[in-house]
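Chemist: sequence first, predicted coordinates after that:
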Amino acid sequence: MNFIEKLAQASRKNKSLLCVGLDTDTALVPDHLAIMEFNRAIIDATADLVCAYKPNIAFYEAMGLAGLDALKRTREYIPADIPVIIDAKRGDIGNTAKAYAKSLFEWYNFDATTASPYLGFDSLEPFIQYRDKGVIILCRTSNKGAADFQSLMVDNNGKKQLLYEVVAEKVNGWNVNGNLGLVVGATYPQELEIIRKKYPEMLLLIPGVGAQGGELELVVKYGADKKRERTIINSSRQIIFASKGKDYAKAARREALALRDKINEILDRTA
């Protein structure tokens, strides 16, 4: 089963477009817990509510070898029928890109990764060649500085477009194996609407709901695909750090359940 199929199956089974971001920041984890213990409890509490999990590799790399070991064990602990996206934002050329792809897809066995388009097609090709894996490419990101480059007007073969629109168009053209997607932030609903209308079947990973301030109503209305199988709405801190007390896992479940059900309520109301 490839990434797209696994995502669709998990979305249907759990009636969910919710992805929980396992951005396990040691500064926010309850003091008495090891990283793996914390992750295991969060996964146990939310596995029936999500369509995917998304650890951010930076938080694990920051802990050195112990963190990378925790990342691998976290990947292995997540139920096999739930896809795992590693938020690594890789982007390099030649053998370096091949090595990144081999690490993420073969050693860690992640189902998908985020990647940067800045270096062009040859920097993404080693990832794309893993046809059963997903490659989700930065398009219109949720951070404030995204406009520094992504909103620049450029000349695309005589056609004036914003840079993020060119990225979306290029990725759509490269998507011959059907395993590519776009990262489009929840904090830019108008751009999200433009991309979804132009590419109705494109896989979209939508971060920025919750702590980053993305408005859920607009995210669901403008971002969800008609089949409800190629949309991943990510929330990290709002869920996994809902409580710093002993009830942290119960609090995470409560937040995940509320968010999943709110997404479904909006979907049903706006269908």
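Modeler: Cool, the structure landed. Numbering: from 1, shown residues only.
Chemist: tell me the phi and psi of the closest residue to residue 198 other than its chain neighbours?
Modeler: Spatially, and ignoring its direct neighbours in sequence, residue 198 is nearest to residue 168 (7.1 Å; Cβ to Cβ, 6 or more residues apart in numbering). All C-beta spots, glycine's among them, are computed from the backbone N, C-alpha and C. Main-chain torsions, residue 168, degrees, to the nearest 10: phi -60, psi -40.
Chemist: likewise for residue 153?
Modeler: For residue 153, the backbone dihedrals (degrees, to the nearest 10) come out as phi -80, psi 130.
Chemist: number of nearby residues for it?
Modeler: 10 (other Cβ atoms under 10 Å).
Chemist: distance of it relative to residue 140?
Modeler: For residue 153, the distance to residue 140 (Cβ to Cβ, to the nearest Å) stands at 14 Å.
Chemist: before we move on, back to that, how much space separates the residue nearest to residue 198 from residue 75?
Modeler: Distance from residue 168 to residue 75, by Cβ to Cβ: 29 Å.
Chemist: next one: residue 44
Modeler: From residue 44 to residue 75 the distance is 15 Å (Cβ to Cβ).
Chemist: who has more neighbours, the two?
Modeler: Using other Cβ under 10 Å as the criterion, residue 44 and residue 75 rank with residue 75 on top: 19 against 14.
Chemist: sec struct for the more buried one, please.
Modeler: Here residue 75 is helix, with the state taken from DSSP: H, G, I helix; E, B strand; the rest coil.
Chemist: so what's it scoring on pLDDT?
Modeler: Looking at residue 75, its pLDDT is 98.
Chemist: would you confirm that it contacts residue 109?
Modeler: Yes. Counting by Cβ atoms under 8 Å, residue 75 does reach residue 109; the two are 6.4 Å apart.
Chemist: joint contacts of those two?
Modeler: Common neighbours of residue 75 and residue 109 are not found (criterion: Cβ atoms under 8 Å, 6 or more residues apart in numbering).
Chemist: these two touch, right, residue 116 and residue 87?
Modeler: No. Residue 116 is not in contact with residue 87 according to Cβ under 8 Å; the separation is 11.7 Å.
Chemist: looking at these two, which is more packed in?
Modeler: Between residue 116 and residue 87, counted using other Cβ under 10 Å, residue 87 has the larger neighbour count: 23 against 17.
Chemist: can you list the neighbours in contact with the helix or strand where that one lies?
Modeler: Element membership for residue 87, per DSSP states H and E: strand 85-90. For strand 85-90, contacts defined as Cβ under 8 Å, 6+ apart pick out 19, 21, 23, 52-57, 97, 100-101, 104, 108, 110-116, 127, 134, 136, 138, 205, 232.
Chemist: ok, then the element right after that strand?
Modeler: helix 94-102.
Chemist: for the spatially most distant residue from the centre of the chain, grab phi and psi.
Modeler: Distance from the C-alpha centroid of the chain peaks at residue 158, with 32.8 Å (Cα atoms, centre = their mean). Dihedral pair for residue 158: phi 90, psi 0, per degrees, to the nearest 10.
Chemist: so which of the contacts of strand 85-90 are in helices?
Modeler: Among these, DSSP state H puts 57, 97, 100, 101, 127 in helices.
Chemist: those strands in the stretch 101-250 of the chain, which residues are they?
Modeler: Counting by DSSP state E, counting those that start in this stretch, the stretch 101-250 of the chain has strands at residues 112-115, 134-140, 153-156, 159-162, 180-184, 203-206, 231-235.
Chemist: buried ones in stretch 153-168?
Modeler: By neighbour count on 16 or more other Cβ atoms under 10 Å, the buried set for stretch 153-168 is 161, 162, 163, 164, 165, 166, 167, 168.
Chemist: report the distance from stretch 111-122 to the chain centre.
Modeler: Distance of stretch 111-122 from the chain centroid (Cα atoms, centre = their mean, to the nearest Å) equals 13 Å.
Chemist: kindly report the same for stretch 59-70.
Modeler: 20 Å.
Chemist: residues in contact with that stretch: which ones?
Modeler: Contacts with stretch 59-70, where a contact means Cβ under 8 Å, 6+ apart, come from 23, 24, 25, 26, 34, 35, 36, 39, 71.
Chemist: how much space between residue 170 and residue 182?
Modeler: 10 Å.
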